[in-house]
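Okay, here's the prediction I keep looking at, along with the sequence it came from:
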There are 2 protein chains.
Amino acid sequence: MSAIRGARERARDEIVAAIKEEARRQLARDGAAKLSLRAVARELGMVSSALYRYFPSRDELLTALIVDAYDAVGARAEAALAAADPADPAARWSAVCGAVREWALAHPHEYALIYGSPVPGYQAPEATIEPAGRVALALVAIARDAHAAGRLKELQVPPAPPVVCTDLERLTAEYALGLPAPVAAALVASWAQLFGLIGFELFGQFNNVVEARDAFFAHSVRGLAHQIGITDPESAPAGS
Amino acid sequence: MSAIRGARERARDEIVAAIKEEARRQLARDGAAKLSLRAVARELGMVSSALYRYFPSRDELLTALIVDAYDAVGARAEAALAAADPADPAARWSAVCGAVREWALAHPHEYALIYGSPVPGYQAPEATIEPAGRVALALVAIARDAHAAGRLKELQVPPAPPVVCTDLERLTAEYALGLPAPVAAALVASWAQLFGLIGFELFGQFNNVVEARDAFFAHSVRGLAHQIGITDPESAPAGS
DNA sequence: TCTCGCGCAAGAGCACCGCTCTCGTTGTTG
DNA sequence: CAACAACGAGAGCGGTGCTCTTGCGCGAGA
């Protein structure tokens, strides 16, 4: 039951994939609130009760879609990180942030599913926490590499209070991030703030406020990078 | 039909208020997705169809709650602004940001309703845009006053690109904000980023990441203030 | 190879939802 | 006082998530 699996098991996997595909299509079209098990089953030519053989509840289906969405945006972020010039922290930062934003704009309902309001009884079901960290880890990698290369400027902001430092030291120790606590604090803040920018743009808060969305985002993301000590190559003095 | 209104009209206002009150209670308990017209009506001792005399649809009821929520958080922000030392921009900034966060922590579902994913077919129904701006205007007032008092430091970040500047100049002209475009750009970014911080804390993204929530938020908010040129009094030279 | 058992689809059904329509009733107003 | 409009109640439509039972057919073990 390990290497070669029975035809039944393979068929099951295919059906699960088909259900998720159709559910993702409905999610992209109508949003999470309108996702209906009956509609998914109808579209797949089965009866609604048959679907419960594969997902024990609507929430479980949504959880599966949440995991997939985290993985999708995480993969985009990692791809953007891999494609950027490793020697240019500012470019890497902009590339990852831009990739996340573009994925969000292309999949607004999936973005809302994972970074918007938690849908029903809102618990993070354990299986989501690992894929949820992929974007964060991409950002961490940028900061870690820049720090290791000595490309991180001294922070301009007032130092983090001790309780925050111990908090972040635990975090950097646990994940072996190799970052000083003040930088880690700035990084976590930037991470959250990045999704504030994206969320406001996506959810209409920037309507009648910001029109040049691309340029504004790029500019704000430069500000976030600056916040953790990553400066544009042209604006940073190379020597001192 | 103006000064002294009939008993019927007065009863109508009372019923509308009772409906909103019960709806807000259910919203706070179960979230927007679970808000049910039938349950509200049941709790109020009426039949569900009677409710449609007061709200033409469930979405209209939700819109009313959205407006109320915007007004509530806006009022909190304005109250915090009024209570803070007018001569201390950093204190005002922290006070307003902290007030917004505290309201969000106290009313998570209402916060999710207005700053989370837009619920169904997501349109901002015109009536929401004015109360939605109250928090932003409170933040603007801080920056404007600080700028007028010469308390805004030169921005440390690279200048905003021209297209962003023209965008923000239109905005400052339209609302008579009295802010230079680069400061306005930083302010809008900080505004969005503030809600990124609050949203991540509220929606569980900081679980197992940030434990000292109060201190971390206070520290990050200082960073946001720094971003628009507001510095802590103790870290800013008083004279020059 | 045959048969047994398990996985499965199907259908009926329950309780609930948003929303509509009709029908008496009742307060308001000309 | 009478006509009218607003109102509450009720039935009903189509939809939802979810459960339970039933019977069938495929795959694995004898």
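Structure's in. What do you need? Residues are numbered from 1 along each chain as shown, chains lettered A, B, ... in the order given.

Quick check: closest non-adjacent residue to the residue in chain A positioned nearest to chain B.
Closest to chain B within chain A is A:Gly196: 2.0 Å, counting by CB to the nearest CB. For every residue, glycine as well, the C-beta is placed using N, CA and C. Leaving out its chain neighbours, the residue that sits closest to A:Gly196 by CB to CB, 6 or more residues apart in numbering or on different chains is B:Gly196, at 2.0 Å.

before we move on, the earlier item: just say helix, strand or coil for the residue of chain A closest to chain B.
helix (DSSP: H, G, I helix; E, B strand; the rest coil).

roughly how far apart are it and A:Arg101?
12 Å (CB to CB, to the nearest Å).

still on that earlier bit, what's the burial count for the residue of chain A closest to chain B?
25 (other CB atoms under 10 Å in any protein chain shown).

Name the residues that touch stretch A:196-210?
Residues from elsewhere that reach stretch A:196-210 (CB atoms under 8 Å, 6 or more residues apart in numbering or on different chains): A:100-101, A:104-105, A:108, A:111-112, A:115-116, A:213, A:216-217, A:220-221, B:115-118, B:122, B:124, B:129, B:132, B:167, B:171, B:188-189, B:191-197, B:199.

Mark which of those residues are buried, thanks.
Among the contacts of stretch A:196-210, those buried by neighbour count (16 or more other CB atoms under 10 Å in any protein chain shown) are A:100-101, A:104, A:108, A:111-112, A:115-116, A:216-217, A:220-221, B:115-118, B:124, B:132, B:167, B:171, B:188-189, B:191-197, B:199.

Could I get the contacting residues of A:Pro180?
If you count contacts by CB under 8 Å, 6+ apart, A:Pro180 has them with A:His147.

Where does whichever residue of chain A sits closest to DNA strand C sit, in terms of helix or strand?
Nearest residue of chain A to DNA strand C: A:Ser49, at 2.8 Å (CB to the nearest atom of the strand). For A:Ser49, the host element (DSSP states H and E) is helix A:48-51.

Contacts made by that helix with the rest, please.
Residues from elsewhere that reach helix A:48-51 (CB under 8 Å, 6+ apart): A:19, A:37-38, A:40-42.

In a markdown table, list those residues along with secondary structure.
A markdown table is the format used below for the contacts of helix A:48-51 (three-state DSSP):
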| residue | secondary structure |
| --- | --- |
| A:Ile19 | helix |
| A:Leu37 | helix |
| A:Arg38 | helix |
| A:Val40 | helix |
| A:Ala41 | helix |
| A:Arg42 | helix |
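
quick one: buried residues of the strand or helix carrying A:Arg12?
Applying DSSP H and E as the criterion places A:Arg12 in helix A:7-30. Going by neighbour count (16+ other CB under 10 Å), the buried part of helix A:7-30 is A:15, A:19-20, A:22-24, A:26-27.

elements contacting it?
Packed against helix A:7-30 by the contact rule (3 or more CB pairs under 8 Å, 6 or more residues apart in numbering or on different chains; DSSP states H and E) you find helix A:37-43, helix A:58-83, helix A:108-115.

The second one versus helix A:108-115: what angle between them?
Helix A:58-83 runs at 100 degrees relative to helix A:108-115, counting by axes from the mean of the first three to the mean of the last three CA atoms, to 10 degrees.

just checking, what packs against helix A:58-83?
Counting contacts by 3+ CB pairs under 8 Å, 6+ apart, helix A:58-83 packs against helix A:7-30, helix A:37-43, helix A:89-106, helix A:108-115, helix A:129-132, helix A:134-148.

hmm, the fifth one in reach of chain B?
So the one you mean is helix A:129-132. Yes: using CB under 8 Å from any CB of the partner chain, we find that helix A:129-132 touches chain B at A:129, A:132.

what's in contact with that helix?
Outside helix A:129-132, the residues that reach it (CB under 8 Å, 6+ apart) are A:67, A:70-71, A:74, A:114, A:124, B:205, B:207-208.

Show me how to select, in ChimeraX, the buried members of those residues.
The following ChimeraX line selects those of the contacts of helix A:129-132 that are buried, judged by 16+ other CB under 10 Å:
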select /A:67,70,74,114,124 /B:205
